[in-house]
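K.L.:
no sequence on this one, just coordinates:
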């Protein structure tokens, strides 16, 4: 299993930011998600986030919602998420699961952490789990040897940033704006300031997500963050593709553009 610590150490040694890509499990199919994520890794993604499809995705914009709806319509379950993690982790990329808390709670925290570790997963991102309510999950994750990633936002106070980063072990996810996911013409203007406010509170890498979709935007964010997170732009390539082969070629092309961007800084 490739760990987040290994990924960020290598990126730092290469004097660049890490590139983190997101796709939901089961989209366009379970096998198709593995194939698309593998293409992203081959073209330069260092870390892959596998989304656990959920019926009430509070943080997700219309593009990710469309993909998640298709995954749920396909009957994607947690077992399929674990299969996807296993397939993607086999590429050598550090592989995370991004999930809301309710599916973990219903599945069982210890069981989920154990099964994720067994599949080769390196950790989770839990956007709706607050520090105050995270004790059970952090304990289960630590016991299974997987990392926990939580989010800070432009609205976060210094006190809140400190509380969030104290719960993180893999990296800190800095949301570039207040709102839902989705590629935008410009990265949120508050992102740089949020990263600068977060760094004094932690020695962990700080990665920026929400709104990044081009190589130029990746280069901009890589100038001040340790990692660049891209999700909706990859999904849009798959949604717009005429067939599976075209989709794979398109996400590979985008990953290569973004990988060049994080190296250009």
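P.N.:
Yep, that arrived. The structure displayed is predicted, hence computed values, not measured ones.

K.L.:
end-to-end on stretch 90-107?
P.N.:
Distance across stretch 90-107, first residue to last, is 24 Å (C-alpha to C-alpha, to the nearest Å).

K.L.:
in that stretch, what's buried?
P.N.:
By neighbour count, with 16 or more other C-beta atoms under 10 Å as the criterion, the buried positions of stretch 90-107 are 91, 93, 94, 95, 96, 97, 98, 99, 100, 101, 103, 104. All C-beta atoms are positioned from the backbone trio N, CA, C, and that covers glycine.

K.L.:
so which pair among those is furthest apart in space?
P.N.:
The largest separation in the buried residues of stretch 90-107, counting by C-beta to C-beta, is between 91 and 101 at 27.7 Å.

K.L.:
which residues are contacting stretch 35-43?
P.N.:
By C-beta atoms under 8 Å, 6 or more residues apart in numbering, the residues outside stretch 35-43 that reach it are 21, 23, 28, 45, 48, 50, 84, 87-88, 91-93, 234, 238, 244, 247-248, 251-256, 259.

K.L.:
Among those residues, which ones are in strands?
P.N.:
The strands, defined by DSSP state E, take in 21, 23, 48, 50 from the contacts of stretch 35-43.

K.L.:
what stretches of the chain score poorly on pLDDT?
P.N.:
The chain contains residues with pLDDT under 70 at 57-60, 177-189, 265.

K.L.:
what about the helices in it?
P.N.:
Taking DSSP state H as the criterion, the chain carries its helices at 4-13, 30-42, 62-73, 78-89, 101-107, 109-118, 135-144, 158-165, 191-198, 215-222, 232-240, 244-264.

K.L.:
would you turn the ones you listed into TSV with distance to residue 56?
P.N.:
Output for those, formatted as TSV (distance: least, C-beta to C-beta, whole Å):
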stretch	distance to residue 56
helix 4-13	28
helix 30-42	21
helix 62-73	10
helix 78-89	16
helix 101-107	8
helix 109-118	18
helix 135-144	19
helix 158-165	22
helix 191-198	26
helix 215-222	29
helix 232-240	18
helix 244-264	27
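
K.L.:
Of all those, which one comes closest to residue 126?
P.N.:
helix 101-107 (5.7 Å).

K.L.:
From the rest of the structure, what touches that closest one?
P.N.:
52, 54, 78, 112, 124, 126, 128, 129, 133, 137.

K.L.:
Quick one: closest of the helices of the chain to residue 151.
P.N.:
Going by C-beta to C-beta, the one of the helices of the chain nearest residue 151 is helix 158-165, 7.0 Å.

K.L.:
and the angle from the closest one to helix 191-198?
P.N.:
80 degrees (axes from the mean of the first three to the mean of the last three C-alpha atoms, to 10 degrees).

K.L.:
Helix 158-165: how far from the chain's middle?
P.N.:
Centroid displacement of helix 158-165 relative to its chain, using C-alpha atoms, centre = their mean, to the nearest Å, is 20 Å.

K.L.:
Go through the contacts of helix 101-107 and say which is closest to residue 175.
P.N.:
Of all the contacts of helix 101-107, residue 128 has the smallest distance to residue 175: 12.4 Å, by C-beta to C-beta.

K.L.:
distance of the closest residue in space to that closest one that isn't next to it in sequence from residue 53?
P.N.:
Nearest residue to residue 128, sequence neighbours excluded (C-beta to C-beta, 6 or more residues apart in numbering): residue 100, at 5.1 Å. Going from residue 100 to residue 53 by C-beta to C-beta, to the nearest Å gives 10 Å.

K.L.:
next one: residue 128
P.N.:
Residue 128 sits at a distance of 15 Å from residue 53 (criterion: C-beta to C-beta).
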